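A.B. asks: only geometry, no sequence info:
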């Protein structure tokens, strides 16, 4: 495999050599452009073909096939002195060399989503080396749809003053502005990948697992696939005692809120699972919040006060 990768690296300047060879046998800029364009046209279907093959056959065998035929293509390019044959030979080299240049980066996706929400959905994927991954993608045109909806809502807000109290309208306007700021941040999966890493580090002393992000763009997030059992299902309670699980989940989220820079702000049962060893699994870090130090101190005091009051009431009742 390493020899094939080195071969692919060494053949990088091939386009320059093809250009010089075409010019040497009497070709011009048009013939050079045609040869390079034909090679570029072949590249996309070649990537799709080798990705399809990598999903069904052993990748080492595919690399051997691609390495062999791309070497033969190079021999043709070395021997032949005809421009049309050079064009076809260069295109053939591009096609076969793609077998060891691109499959490592391709994902084979399951068409049916394993999880879905209003903004995006999660599909299972498999890399050519056999790893199962979860791939989160934005729904088609979701950003444009939300922008249109928000524009309409903001135009309608002044009309609410005709039959609602102005203080309510102002409060509603603040909510819409906050929602507008957060919703587009939630659609940016590079930020979600960042939050996943930070919160995972904050919870390293807990029995909590979070999917490890592998690749993130604004609209696509590839992450480690962590299957689990929904925390509210009876199957989960067979693995972990229900009261113990409830306490551990509470401890995880209260720790994030009171002692971490960021906290998971969407803790519904669909985002909390348990694995077979009793570890808690957290999903979906698109909605994340943070507190300033003053607010955090006030919350801690409130929590301590409530706890002390409960203890006093329990002691009095006993």
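C.D. replies: Structure received. Remember, it's a predicted structure, so these values are computed and weren't measured experimentally. Numbering: from 1, shown residues only.
A.B. asks: contacting residues around residue 282?
C.D. replies: Listed by Cβ atoms under 8 Å, 6 or more residues apart in numbering, the contact partners of residue 282 are 199, 203, 208-210, 252, 264, 271-272. C-beta coordinates here come from the backbone N, C-alpha and C atoms, glycine included.
A.B. asks: same question, residue 120
C.D. replies: 136-139, 142, 187, 286.
A.B. asks: and which of those residues is nearest residue 43?
C.D. replies: residue 137 (23.4 Å; Cβ to Cβ).
A.B. asks: in this protein, spot the strand with the most residues.
C.D. replies: Counting by DSSP state E, the longest strand found in the chain is strand 108-116.
A.B. asks: next one: the following helix or strand past that strand to chain centre, how far?
C.D. replies: As assigned by DSSP states H and E, the chain's next helix or strand after strand 108-116 is strand 120-126. The chain centroid and the centroid of strand 120-126 are separated by 9 Å under Cα atoms, centre = their mean, to the nearest Å.
A.B. asks: give me the angle between strand 120-126 and strand 108-116.
C.D. replies: Relative orientation of strand 120-126 and strand 108-116, computed by axes from the mean of the first three to the mean of the last three Cα atoms, to 10 degrees: 140 degrees.
A.B. asks: just the ones in helices from the contacts of residue 120, please.
C.D. replies: residue 142 (DSSP state H).
A.B. asks: can you tell me which of the contacts of residue 120 is closest to residue 81?
C.D. replies: Relative to residue 81, the closest of the contacts of residue 120 is residue 137; by Cβ to Cβ it sits at 48.9 Å.
A.B. asks: all helices for the stretch 201-318 of the chain, in order.
C.D. replies: Along the stretch 201-318 of the chain, counting by DSSP state H, counting those that start in this stretch, helices occupy 234-239, 242-259, 293-317.
A.B. asks: thinking again about what came up before, just the buried subset of the contacts of residue 120, please.
C.D. replies: Listed as buried from the contacts of residue 120 are 136-138, 142, 187, 286; burial here means 16 or more other Cβ atoms under 10 Å.
A.B. asks: circling back: export the helices of the stretch 201-318 of the chain as a markdown table, with columns for distance to residue 157 and mean neighbour count.
C.D. replies: Below are these laid out as a markdown table (distance: least, Cβ to Cβ, whole Å; neighbours: other Cβ atoms under 10 Å):
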| stretch | distance to residue 157 | mean neighbour count |
| --- | --- | --- |
| helix 234-239 | 43 | 14 |
| helix 242-259 | 31 | 15 |
| helix 293-317 | 28 | 10 |
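A.B. asks: tell me which of these approaches residue 125 most closely.
C.D. replies: Across these, closest to residue 125 is helix 234-239 (Cβ to Cβ), at 25.5 Å.
A.B. asks: residues in contact with that closest one: which ones?
C.D. replies: 229-230, 245, 273-278.
A.B. asks: recalculate using a threshold of 7 Å.
C.D. replies: 229-230, 245, 274, 276, 278 (Cβ atoms under 7 Å, 6 or more residues apart in numbering).
A.B. asks: just those residues now: which is nearest residue 68?
C.D. replies: residue 276 (44.5 Å).
A.B. asks: ok, the closest one - contacts?
C.D. replies: Counting by Cβ under 7 Å, 6+ apart, residue 276 has contacts residue 239.
A.B. asks: what distance do you get for it to residue 119?
C.D. replies: 30 Å (Cβ to Cβ, to the nearest Å).
A.B. asks: distance of residue 228 relative to residue 190?
C.D. replies: 25 Å.
A.B. asks: let me fix that, I meant to ask about residue 125.
C.D. replies: 18 Å.
A.B. asks: higher neighbour count, these two?
C.D. replies: Legend: neighbour count by other Cβ atoms under 10 Å for residue 125 and residue 190, higher for residue 125 (18 against 13).
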